[in-house]
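J.: My questions concern the predicted model and sequence given below.
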Amino acid sequence: MTDDAPFPTNGLNDTVHQRHRLGILTIASESDRVEVSYLREALELTAGNLSRHLAVLADADLVAIERGYHGNRAKTWIRITPAGEAALDAEVAALRELLDRHG
């Protein structure tokens, strides 16, 4: 093939592409904010594993972590940042391009 365009997998972001982080960003993009306990259950992660993935995403400014209370209970929520939305959109676009080439 003589196409000069980069291969679609070159557009994948290693921080976003990891399956649990992709799941976190996808779920977070579907609402204003999401409770961490919901993510843990939905993605079938341990608290420690989820915490590590959230730290990676927060360090990359792809999610913001909010701590507070709901009644007397301490809660933690995350929300996707504008940079996170852009990274998720780019990841989905690269995956669509790859599927188009394959299909």
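T.: Happy to help now that I have it. Numbering: from 1, shown residues only.

J.: name the element the closest residue to residue 9 other than its chain neighbours belongs to?
T.: The shortest distance from residue 9 to any residue that is not its chain neighbour, by CB to CB, 6 or more residues apart in numbering, is 6.3 Å, and that residue is residue 98. The way it works is simple: take the backbone N, C-alpha and C, and place the C-beta from them, glycine included. Here residue 98, judged by DSSP states H and E, is contained in helix 82-102.

J.: coming back round to it: and the residue nearest to residue 9, how many residues sit next to it?
T.: The number of residues packed near residue 98 is 15, by other CB atoms under 10 Å.

J.: Tell me the helices and strands packed up against the helix holding residue 98.
T.: On a contact count with 3 or more CB pairs under 8 Å, 6 or more residues apart in numbering; DSSP states H and E, helix 82-102 meets helix 14-17, helix 19-29.

J.: Excluding covalently adjacent residues, which one is nearest to the spatially most central residue of the chain?
T.: Within the chain, one residue has its C-alpha closest to the average C-alpha position: by CA atoms, centre = their mean, that is residue 25, at 2.4 Å. Leaving aside its chain neighbours, residue 25 sits nearest to residue 88 (4.7 Å; criterion: CB to CB, 6+ apart).

J.: List the contacts of the one you found.
T.: Taking CB atoms under 8 Å, 6 or more residues apart in numbering as the criterion, residue 88 is in contact with 16, 22, 25-26, 29, 80.
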